[in-house]
Structures are given as structure tokens and as C-alpha cells.
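*Asks:* With the sequence up front, the predicted model follows.
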Amino acid sequence: MNKVEICGVNTSTLPMLSHEEKIELLKKMKNGDKEARKQFIEGNLRLVLSVVQKFANRGENLDDLFQVGCIGLIKAIDNFDLSQNVKFSTYAVPMIIGEIRRYLRDNNAMRISRSLKDTAYKALKIKERYISKNYREPTLEEIANELCISKEDLVFALDSIQEPISLYEPIFQDSTDTMYVVDQVSDQKSCENLWLEEISLKDALSRLTKREKEILYLRYYKGKTQMEVATIIGISQAQVSRIEKSAIGHIKKYI
């Protein structure tokens, strides 16, 4: 995120063009002025940079994203209609985003067939069209009927364009707690090991105080936050945190 040089370009020195300068360069470009085209591209690289930063947390190489964004910028320049009363940036940003998203889809570590992706994109278009016409979202069955495919095939297609996330992606966070995807994943062990662990856990829980049991029950069986537990029991969040840690420590020590 703090990278200064991308693809050999020092981003801190990128020029900025005023609206009037952009209009003037666009007019020259329409007349075939190559130097004006070069200046216009360089003057809009900050636009590419601002879009690239939105994708910076995906672990992709920023140099690659920047180059792909530049392709989107050039496509926007080639297709921009000066006669329309629209700012160039308003037109260019969706083009740059679209180009980067296509790159991310096509270079995904999970290889998905093109036909499956096409089905998913058709379904999304049908959904948008249906909402604009009927002011409600269509059901899976309604979309599947229009595509002449089964509901199961539609679900597979839509799942194929969902981006994978890390097991350590936070899904909930408050002042003291963070819950990650991995916390929601069940661990299927052998029945024998599970049976033995349940016996040990029940024995360890029986050694806790009534308040410790209540707090663990609310936290791990009811999914309450420490703040919610504190409100229910009538103590401070700091006390809940301390009692919870102490109880878990006792269980671990016993097991």
C-alpha cells in the first residue's frame, strides 16, 4: 500500500491534469496528436493508482495490477466520446475496475470452465433486469427457468464466480474479540477420539464455578460477544474477559 515505485514509475511524481487541460488534450488526440495522447495517459495514471489500491489487500502483485489498470485506462481513452457531457474519470474508473476484475477472474488459482462462468454472468444480468422491472429479486427457480437449466446447475455456476477467502479472514470484530472463518469450520475427527474428548471436557466443565459455566455457555454455545454477556450477567466487560480466560485456562490445565 505504501509502495512508491510501480512498474518503474515513481508514483509520487505523477502529473495531475485540470479538467480544462484534459479537454484540450482530448481534442488534440482526436486530431491524431500522439504527444497529446502520451501526456493524457501520464496525466491519468493517478486514476489507475487510486483504483489499484482498492485491490491491494488481495495479495496480488501491485505491478501486475497497475499494468492491467493501464490497459483499462487506454481502452477508456480509445472509446471515450467527447461529445457526451461526462467527465473522463467517471467513464474511465468502471473500465479500469472491469479490466482488473477480468484479470483476477482469469488468473484465479481455482480454474473454472468458461461455460460455467458465462452461465453465472448471464444469471446476474437476468437478476438485474428482473429487479429493475419487478422491483424485487427473482428466486433461483425463476432465473433457472429463464436460462433453461436446473436450479442445482445455477447454484454451481454462481458459486464458481465467488472469490475464495482466507480461513483467517475476520467475520466479526468488537473492541476485544475477533472471530475468523476458521472459527466457524467444524473439525470432523474419529468417533473414538471425539468420544474421549467429550468425556474429558464434561469432567473439566464440572469443576468450574457456576458463573464460569454461565459465561462459557453464553460465549461459545450462544455466540454472544463479551459486551453482550456483560449486559446479560450485569458485570463489566473486563470482568467477563478475565473470568472467561481463567475458565479456559482451568479447562486446558485439567485436560
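*Replies:* Thanks, I have it. This structure is a prediction, so every number in the text was calculated from the model and none was measured.
*Asks:* Can you give me the neighbour number for Glu214?
*Replies:* Burial of Glu214 is recorded as 16 neighbouring residues (other Cβ atoms under 10 Å). Glycine gets a C-beta too; all of them are placed from N, C-alpha and C.
*Asks:* what about stretch 43-62, distance to the chain center?
*Replies:* 15 Å (Cα atoms, centre = their mean, to the nearest Å).
*Asks:* For that stretch, buried residues please.
*Replies:* For stretch 43-62, a neighbour-count test (16 or more other Cβ atoms under 10 Å) marks 43-45, 47-49, 51-52, 55, 60, 62 as buried.
*Asks:* pLDDT check: weakest of those residues?
*Replies:* Ranked by pLDDT, these bottom out at Glu60, which has 73.
*Asks:* Need the nearest residue in space to Leu205, chain neighbours excluded.
*Replies:* Lys213 (6.4 Å; Cβ to Cβ, 6 or more residues apart in numbering).
*Asks:* do Arg46 as well
*Replies:* Arg46 sits nearest to Leu14 (Cβ to Cβ, 6+ apart), 5.0 Å away.
*Asks:* How much space separates Ile131 from Ile161?
*Replies:* For Ile131, the distance to Ile161 equals 18 Å [Cβ to Cβ, to the nearest Å].
*Asks:* which of the two has more neighbours?
*Replies:* Ile161 (16 against 12).
*Asks:* follow-up on the earlier one: phi, psi for the residue nearest to Arg46 please.
*Replies:* When quoted as degrees, to the nearest 10, the phi and psi of Leu14 stand at phi -60, psi 140.
*Asks:* Check the gap between it and Arg207 for me.
*Replies:* 65 Å.
*Asks:* okay, these two: which has more neighbours?
*Replies:* Leu14 (16 against 13).
*Asks:* Might you report the residue contacts of that one?
*Replies:* Listed by Cβ atoms under 8 Å, 6 or more residues apart in numbering, the contact set of Leu14 reads 42, 45-46, 49.
*Asks:* can these go into a markdown table with extra columns for distance to Ala157 and secondary structure?
*Replies:* Shown next, in a markdown table, are the contacts of Leu14 (distance: Cβ to Cβ, whole Å; DSSP: H, G, I helix; E, B strand; the rest coil):
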| residue | distance to Ala157 | secondary structure |
| --- | --- | --- |
| Glu42 | 41 | helix |
| Leu45 | 37 | helix |
| Arg46 | 37 | helix |
| Leu49 | 34 | helix |
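*Asks:* Can you get me a residue count around Glu152?
*Replies:* Counted with other Cβ under 10 Å, residues neighbouring Glu152 total 10.
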